[in-house]
Structures are given as structure tokens and as C-alpha cells.
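Peer 1: let me see the structure of the following:
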Amino acid sequence: MARIYATKEQLEDYLDPDPAPTDAGHLLRSASRDVDEMLLTAVYPVDAAGLPTDPADEEAIREATCLQAMHRDKHGDEIDMAGSGESVRLGPLGFGGAFSSGPNPTQPVPKWNPEAYRVLRLAGLIPGTVTDG
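Peer 2: Reported below is the predicted structural model:
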């Protein structure tokens with residue numbers, strides 16, 4: 001069974017005074033999978049169900065899950081996000097898209113909420129990177 005890191009009630013508390021979306025359960029399941037993906041190489045203590053046991057880790061993961069759920073609520077799933085920068089071409093002419101030019105070029109929506117990723121990184125759950133040079 002998949003781990004779900006936040007409940008609808010916790011999402012409501014996080015969003016207070018705004019209500020949780022009607023499909024909060026679905027959003028939280030998807031957001032929890034996204035958080036699992038963000039934490040793929042993370043090392044932190046968990047219980048037999050794979051849930052974090054350290055209260056600080058648990059809080060950071062719950063907050064990241066709520067942030068990611070709201071990101072999905074606003075932008076849709078991966079397919080919706082990927083299409084956000086869609087362009088149209090007619091021969092040599094191109095309009096819109098993630099690489100369009102002009103005063104307000106569109107950008108694709110990131111799969112992960114940058115704030116959710118930041119919460120996990122600042123909690124020490126996202127490992128740093130090493131670069132050469």
C-alpha cells in the first residue's frame with residue numbers, strides 16, 4: 001500500500017482559512033508519490049510502514065506533501081503540466097510554447113512544486129550535489 005504523508009484534515013489546517021479541494025484524497029495520494037520521488041535517495045529513519053519517525057522529518061514531509069498537492073490542484077497532473085508550454089507551428093512560423101520569444105514567453109510548469117522541494121532540502125532530506133571543478 002502506498003504511503004500517504006498528509007491527511008485531508010492536515011491539508012485543511014495547512015490551507016486555513018481556505019477549504020481543502022474536494023478531491024483532496026486523490027491530490028494527497030499523488031503528491032505523496034511525488035514526494036517519494038523527490039526523496040528517492042534520501043536517508044532518514046522510518047517505521048515498518050516506511051513513514052518517517054523523526055518529528056522534524058515528518059513535519060517537513062507533511063508540509064511538502066501539502067504544497068505539492070496544491071501544485072497539482074492548480075496545474076493538473078504531469079500531462080497537463082507538460083502541455084503548459086505547448087506551441088503551434090505552421091510551416092516556418094511558430095507561436096507560443098515553452099521556447100517562444102517576445103515580451104511574455106510561456107514556460108513549462110515544473111513537475112515538482114519548487115517550494116516543496118525547498119522545504120525538503122532545508123530539512124536536510126534532499127542530499128546536496130557534488131560538481132567537478
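
Peer 1: show me what the longest helix belonging to the chain is in contact with.
Peer 2: Determined from DSSP state H, the single longest helix within the chain is helix 55-75. Applying C-beta atoms under 8 Å, 6 or more residues apart in numbering, the contact partners of helix 55-75 are 4-6, 10-11, 14-15, 21, 23-24, 27-28, 30-32, 34-35, 38-39, 44-45, 51-52, 81, 84, 109, 112-113, 115-117, 119-120, 122-123, 125. (Glycine included, C-beta is placed from N, CA and C.)

Peer 1: if we go to 7 Å?
Peer 2: 5-6, 10-11, 14, 21, 27-28, 30-32, 34-35, 44, 52, 81, 109, 112-113, 115-116, 119-120, 123, 125 (C-beta atoms under 7 Å, 6 or more residues apart in numbering).

Peer 1: break down the chain into its strands, ranges please.
Peer 2: Assigned by DSSP state E, the strands in the chain fall at 87-90, 93-96.

Peer 1: hmm, which helix or strand of this protein has the shakiest average pLDDT?
Peer 2: Within the chain, confidence by mean pLDDT, DSSP states H and E is lowest for helix 78-82 among all helices and strands, at a mean of 54.

Peer 1: report the residue spans of the chain with pLDDT below the cut-off.
Peer 2: 1, 78-107, 128-133 (pLDDT under 70).

Peer 1: in it, which spans are helices?
Peer 2: 8-15, 24-38, 55-75, 78-82, 114-122.
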